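Trainee: for reference, the sequence and a predicted model appear below.
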Amino acid sequence: MNQYYILIPKNLNLEQRLSKFPPDFKLSSDYCHYFISELIKESSYQNQKKNDLSSSTKFFIPRCSQINQSIYNDSKKHLDYLYKDFGGEGRMLFRKNYEESKCFSYNLPEYYWGDGELKLVCITEEDLIDNIRKYDKPQIDNIVRKRFNFTINYFDIGRFEFDAESALNELYQKYKQTGNYAKYLKNAVRVMKFKNGYFPFWHKPKTDGRLHTAITQFPKTCRKYLKYDGERLAEVDLSSSIPFFLSYILSIPAYTPTAISAKDAVLCAQLPYSEDILHHYMLVESLVRPSSREITDFAELIQNNRLYEFFMIDFMNLDNFDVGFENMFQRPFDGDMDDLKTYSKRRLLSMFFANAKYYEQEQLVFYRHFPSIHDVIKKFKQTKFRDFKKSKRHKKLAFMLFQLESHFMLNIIAREINNKFKRKIPLFTLHDCLVLKESDLDQVYELMHEIFIREIEYAPNMTKKIWI
C-alpha cells in the first residue's frame with residue numbers, strides 16, 4: 001500500500017470538527033492534513049529573531065491555487081471549509097487574500113498548536129500521494145550524479161528502519177528542556193522527510209565541497225532510532241578533522257620556488273575547484289613562512305587528540321570566558337571538563353574561520369603558542385583576492401580546508417571502499433565521518449587508516465562510535 005507521512009499538531013482534531021459541522025461535499029481528511037502539514041513544514045524554513053512557540057508559528061505561508069489544484073482537484077472546497085468560522089467556534093485556517101503578484105497565504109491558528117507537540121499521521125489516498133511525490137521531488141545536483149553517483153543508491157528507504165515516533169518524542173522532550181521551538185520544528189520536519197524516503201543530494205564544489213544528504217541533516221539525538229538492513233549504524237570519525245588538514249597543508253614544504261611548485265601541484269590535484277585559492281595561499285606562505293618546529297608541535301597535538309585540551313585553560317582564563325560559555329550553553333560553567341573541551345573546540349574553530357577582527361583574545365592565545373602559523377592564517381584571510389569581497393575574504397581558509405576534507409572522505413576513502421567491496425558495504429558520508437553498519441565498523445576503520453598512511457604517510461586520530 002502506498003503510504004505518506006505528514007506532520008500535524010497533536011492537539012488538532014479534524015474528525016471532531018467534521019462530526020460537528022459536516023461538509024456538504026465529499027471531504028478528504030488526507031488532503032486537509034497534508035495541507036496543514038505543508039504549512040508546518042514551510043514555517044520551519046522561516047527566519048525569525050525569537051525561537052519560542054509563538055514566534056515560530058506566526059507565519060502566513062503562500063500557497064498558490066494552481067499548485068493546490070494540481071495536487072488535489074477539489075482543493076478550493078477543502079480550503080474554504082477549513083477557513084469557515086462555524087458558529088463562532090473559530091476557523092481551522094486563517095487566510096490572507098490574494099493580492100496582485102501574491103498568492104493566498106495561510107496560517108494555522110495558535111489554539112490548534114496547543115503546547116506545540118507534533119505527531120506523524122499516515123495518509124493513504126493513492127492519487128493524492130502520487131501527486132505529492134510528483135510535485136515535491138528531492139533535489140539531486142547534477143554534479144552529484146556525475147561525481148558521486150555511487151553514494152545515491154545506498155539511500156534505499158526499504159533498507160532503513162526508523163522509529164520516527166520515538167524520535168519525535170525525544171525531540172519534543174528536548175524542546176521542553178531548552179524552549180527552542182524553532183529547532184524542534186526544523187528537526188521534526190527532517191524526521192518526517194526521512195520517514196518518507198525524501199533523500200536530497202547537493203554539492204557545492206567551489207565553496208565547502210561537502211556532500212549534503214538526508215544523513216548530514218539528520219538530527220543527532222535521533223540517530224539511535226535508525227537502522228540499516230536490521231543493524232545499528234556506526235561511524236568512523238576523524239578527530240580534529242579541520243586542524244588535521246590544516247596541519248597537512250602546512251607540513252608540505254614550500255620554502256623554495258621549486259618546492260612551492262611541487263606543493264601547489266600536490267594540492268591542485270586534490271582540489272581542482274580551488275586552484276585560484278591555492279595559488280593565492282602559496283604566495284602568502286612564501287612571504288610568511290611557518291616554523292617547522294611549530295608545524296610539528298601543532299600536528300602532534302592533533303594526532304594525539306589533545307589540541308582542544310591544550311587550549312582549555314588558556315581560554316578559560318580569558319576575560320570573555322563567562323559570557324562566551326553562557327552564550328554557548330545557556331548556563332554558567334559548573335566545572336565540567338567535557339563542557340570546557342567543547343567550548344575550547346568551538347572557540348578555536350570559530351577563530352580559524354572568522355574575520356580576523358573577531359576572536360581577538362583567542363587569537364592572542366594561539367599566537368603565544370604558534371606565532372608563525374597564526375601569521376600565515378591571518379595574512380591569508382586578510383589579503384585581497386578576486387571574487388572575494390573584503391567582508392568575505394576570511395572564507396578562503398574554510399573553503400580550502402573543507403574541500404580538502406571532502407576530497408579525502410569522498411573521492412579517496414568512500415570511493416575506494418565502494419570499489420573494493422563491490423557495494424557490499426553500504427556507507428554514507430557525514431562530512432568528516434563515514435557512517436556504516438555496525439558489523440562493518442572494524443574493517444572500515446582499519447582500511448581508512450591504511451589509506452591515510454598510503455596517501456600522506458600518516459593518519460589522523462580516528463574514533464569509532466555506535467549510534468546508540
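Mentor: The structure has been received and is ready for your questions.

Trainee: roughly how far out does the helix or strand containing residue 300 sit from the chain middle?
Mentor: Per DSSP states H and E, residue 300 falls inside helix 292-303. Distance of helix 292-303 from its chain centroid, counting by C-alpha atoms, centre = their mean, to the nearest Å, is 30 Å.

Trainee: quick one: buried residues of the helix or strand following it?
Mentor: Reading on from helix 292-303 to the C-terminus, the next helix or strand found by DSSP H and E is helix 307-316. Residues 307, 308, 310, 311, 312, 314, 315 are the ones in helix 307-316 that count as buried (16 or more other C-beta atoms under 10 Å). Every C-beta, even on glycine, is put in place using the N, C-alpha and C of the backbone.

Trainee: which strands and helices sit next to the helix or strand following helix 307-316?
Mentor: Later in the chain than helix 307-316, the nearest helix or strand by DSSP H and E is helix 321-329. In terms of contacts (3 or more C-beta pairs under 8 Å, 6 or more residues apart in numbering; DSSP states H and E), helix 321-329 is packed against helix 337-353.

Trainee: list the buried residues in the helix it packs on.
Mentor: 340, 342, 343, 344, 345, 347, 348, 349, 351, 352, 353.

Trainee: same question, stretch 146-157
Mentor: Buried positions in stretch 146-157, judged by neighbour count with 16+ other C-beta under 10 Å: 147, 148, 151, 154, 155.

Trainee: please identify the helix or strand for the nearest residue to residue 383 once chain neighbours are set aside.
Mentor: Counting by C-beta to C-beta, 6 or more residues apart in numbering, residue 383 lies nearest to residue 284, which is 6.0 Å off, once chain neighbours are set aside. Counting by DSSP H and E, the element that carries residue 284 is helix 275-287.

Trainee: which elements pack onto that helix?
Mentor: Using 3+ C-beta pairs under 8 Å, 6+ apart: helix 275-287 touches helix 257-270, helix 371-382, helix 395-406.

Trainee: the inter-axis angle of that helix versus helix 395-406?
Mentor: If you take axes from the mean of the first three to the mean of the last three C-alpha atoms, to 10 degrees, helix 275-287 sits at 110 degrees to helix 395-406.

Trainee: dump helix 275-287 to PDB, restricted to CA.
Mentor: The C-alpha coordinates for helix 275-287 follow below in PDB (Å, rounded to 0.1, in the frame of the first residue of the first chain):
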ATOM      1  CA  GLU A 275      43.100  26.300  -7.900                       C
ATOM      2  CA  ASP A 276      43.000  30.100  -7.600                       C
ATOM      3  CA  ILE A 277      42.700  29.900  -3.800                       C
ATOM      4  CA  LEU A 278      45.700  27.500  -3.600                       C
ATOM      5  CA  HIS A 279      47.900  29.700  -5.800                       C
ATOM      6  CA  HIS A 280      47.000  32.600  -3.500                       C
ATOM      7  CA  TYR A 281      47.800  30.600  -0.400                       C
ATOM      8  CA  MET A 282      51.200  29.600  -1.900                       C
ATOM      9  CA  LEU A 283      52.000  33.300  -2.400                       C
ATOM     10  CA  VAL A 284      51.100  34.200   1.200                       C
ATOM     11  CA  GLU A 285      53.000  31.200   2.600                       C
ATOM     12  CA  SER A 286      56.100  32.200   0.700                       C
ATOM     13  CA  LEU A 287      56.000  35.600   2.400                       C
END
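
Trainee: got the contact list for that helix?
Mentor: By C-beta atoms under 8 Å, 6 or more residues apart in numbering, the surrounding residues in contact with helix 275-287 are 249, 254, 260, 263-264, 267-268, 271, 376, 379-380, 383, 385-387, 396, 399-400.

Trainee: how much space between the residue nearest to residue 383 and residue 349?
Mentor: Separation of residue 284 from residue 349 (C-beta to C-beta, to the nearest Å) stands at 21 Å.

Trainee: quick one, strands of this protein?
Mentor: In the chain, the strands defined using DSSP state E lie at 4-9, 61-62, 94-96, 105-107, 118-123, 160-162, 202-203, 211-212, 226-228, 231-238, 427-430, 433-437, 462-466.

Trainee: show me the shaky parts of the chain.
Mentor: Applying pLDDT under 70 to the chain flags the ranges 1, 254-261, 264.

Trainee: hmm, try it at 90
Mentor: 1-2, 47-49, 86-90, 97-103, 206, 251-289, 330, 382-393, 457 (pLDDT under 90).

Trainee: picking that back up, tabulate the buried residues of stretch 146-157 (JSON lines), appending distance to residue 135.
Mentor: Formatted as JSON lines, the buried residues of stretch 146-157 follow (distance: C-beta to C-beta, whole Å):
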{"residue": "147", "distance to residue 135": "28"}
{"residue": "148", "distance to residue 135": "26"}
{"residue": "151", "distance to residue 135": "25"}
{"residue": "154", "distance to residue 135": "26"}
{"residue": "155", "distance to residue 135": "20"}
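
Trainee: ok, residue 278 - how many residues close by?
Mentor: By the criterion of other C-beta atoms under 10 Å, residue 278 has 23 neighbours.

Trainee: what do you get for residue 420?
Mentor: 10.

Trainee: find the nearest non-adjacent residue to it, please.
Mentor: residue 447 (7.5 Å).

Trainee: ok, that neighbour - contacts?
Mentor: Residue 447 makes contact with 413, 416, 417, 420, according to C-beta under 8 Å, 6+ apart.

Trainee: circling back: ok, of the buried residues of stretch 146-157, which one's closest to residue 433?
Mentor: When those are compared for distance to residue 433 (C-beta to C-beta), residue 151 comes out closest, at 13.7 Å.

Trainee: which residues touch that closest one?
Mentor: 144, 201, 211, 213, 410, 414, 427, 428, 429.

Trainee: who does the third one bridge with?
Mentor: Spelled out, it's residue 211. In this entry, residue 211 is beta-bridged to residue 203, by DSSP bridges.

Trainee: how about the contacts made by it?
Mentor: 144, 148, 151, 201, 203, 406, 410, 429.

Trainee: give the ChimeraX command for selecting the buried subset of those.
Mentor: For the buried members of those, the matching ChimeraX selection, counting by 16+ other C-beta under 10 Å, is:
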select :144,148,151,201,203,406,410,429
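
Trainee: do you know how far the spatially closest residue to residue 6 that is not a sequence neighbour is from residue 7?
Mentor: Among residues not flanking residue 6 along the chain, residue 37 sits closest, at 3.6 Å (C-beta to C-beta, 6+ apart). Separation of residue 37 from residue 7 (C-beta to C-beta) stands at 5 Å.
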